[in-house]
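Asks: Need a 3D model of the following:
(chains A and B)
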Amino acid sequence: DAGITQSPRHKVTETGTPVTLRCHQTENHRYMYWYRQDPGHGLRLIHYSYGVKDTDKGEVSDGYSVSRSKTEDFLLTLESATSSQTSVYFCAIQGAAYEQYFGPGTRLTVT
Amino acid sequence: GDSVTQMEGPVTLSEEAFLTINCTYTATGYPSLFWYVQYPGEGLQLLLKATKADDKGSNKGFEATYRKETTSFHLEKGSVQVSDSAVYFCALGVGDTGGFKTIFGAGTRLFVKA
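Replies: Here you go, the predicted model:
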């Protein structure tokens, strides 16, 4: 258990509203990641962080921003939610052997 | 670029059958290779890993061998159980400018019938 929690676990929001998802870890890992998982697309990287205030884009970063002001928290913000952002969002941290440990996921529905 | 290709599912087996899920990769460097498993409603969990050629990763009866000559990392289990029903993801990890990146295959869904 890598001590990763995500909140909220489920959210329904309307098109055009901003949404923030939170990932919290308890083990001081440097690298944290946000993915989305969609049928037919597998797991796709949105953004990642390699330290406090150090972030970079993944392959599907448009419409998303992130922030990391503390080692333990990595926030994902949908600036103006669209129906195409309906998905399951997973946070992950990187372990010592480059393996990844995942949180339980957030199911987001944009209506 | 770096990529992972795994066999399409779903794969349906009877309990105690032999399982193989094929995975091949393309990488410019020297990747580490992983298998992850996802049970319904949960996040991915690391199943096994191998960090260099000819390494064999194993866990819970599952095995996979890092074959550099065939760029493959096939997952095998000698006797599957109903509880093995899940989605299995092959992945590779390589060093990148921002640290280390992991690339996932599309996943293979396994159904095991009693």
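Asks: contacting residues around the residue of chain B found nearest chain A?
Replies: In chain B, the residue that lies nearest chain A is B:Gly43 (3.4 Å; CB to the nearest CB). C-beta: built from backbone N, CA, C; applies to glycine. By CB atoms under 8 Å, 6 or more residues apart in numbering or on different chains, the contact set of B:Gly43 is A:90, A:92, A:102-105.
Asks: That one should be in a helix, yeah?
Replies: No - assessed with DSSP: H, G, I helix; E, B strand; the rest coil, B:Gly43 is coil; it does not lie in a helix.
Asks: export the contacts of B:Gly43 to JSON lines and tack on distance to A:Val12, secondary structure and neighbour count?
Replies: Converted to JSON lines, the contacts of B:Gly43 look like this (distance: CB to CB, whole Å; DSSP: H, G, I helix; E, B strand; the rest coil; neighbours: other CB atoms under 10 Å in any protein chain shown):
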{"residue": "A:Phe90", "distance to A:Val12": "18", "secondary structure": "strand", "neighbour count": "25"}
{"residue": "A:Ala92", "distance to A:Val12": "24", "secondary structure": "strand", "neighbour count": "27"}
{"residue": "A:Phe102", "distance to A:Val12": "23", "secondary structure": "strand", "neighbour count": "22"}
{"residue": "A:Gly103", "distance to A:Val12": "20", "secondary structure": "coil", "neighbour count": "27"}
{"residue": "A:Pro104", "distance to A:Val12": "18", "secondary structure": "coil", "neighbour count": "14"}
{"residue": "A:Gly105", "distance to A:Val12": "15", "secondary structure": "coil", "neighbour count": "22"}
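Asks: out of the residues you listed, who's nearest A:Thr55?
Replies: A:Ala92 (14.4 Å; CB to CB).
Asks: who's in contact with A:Thr82?
Replies: Contact analysis of A:Thr82 by CB under 8 Å, 6+ apart lists A:15, A:63, A:110.
Asks: got the residues of chain B near chain A?
Replies: Proximity of chain B to chain A (CB under 8 Å from any CB of the partner chain) is limited to residues B:32, B:34, B:36, B:42-46, B:49, B:51, B:89, B:93, B:98-102, B:104-107.
Asks: Give me the buried entries from those residues.
Replies: By neighbour count, with 16 or more other CB atoms under 10 Å in any protein chain shown, these hold B:32, B:34, B:36, B:43-44, B:46, B:49, B:51, B:89, B:93, B:99, B:101-102, B:104-107 as buried.
Asks: for B:Ile21, what are its contacts?
Replies: Counting by CB under 8 Å, 6+ apart, B:Ile21 touches B:6-7, B:11, B:74-76, B:88, B:90, B:108, B:110.
Asks: Can you flag which of those residues belong to helices?
Replies: When the contacts of B:Ile21 are checked against helices (DSSP state H), there are no matches.
Asks: Among these, which ones are in strands?
Replies: Secondary structure from DSSP state E places B:6, B:11, B:75-76, B:88, B:90, B:108, B:110 of the contacts of B:Ile21 in strands.
Asks: Among the residues you listed, which one is most surrounded by other residues?
Replies: Neighbour counts for those, by other CB atoms under 10 Å in any protein chain shown, peak at B:Cys90, which reaches 29 neighbours.
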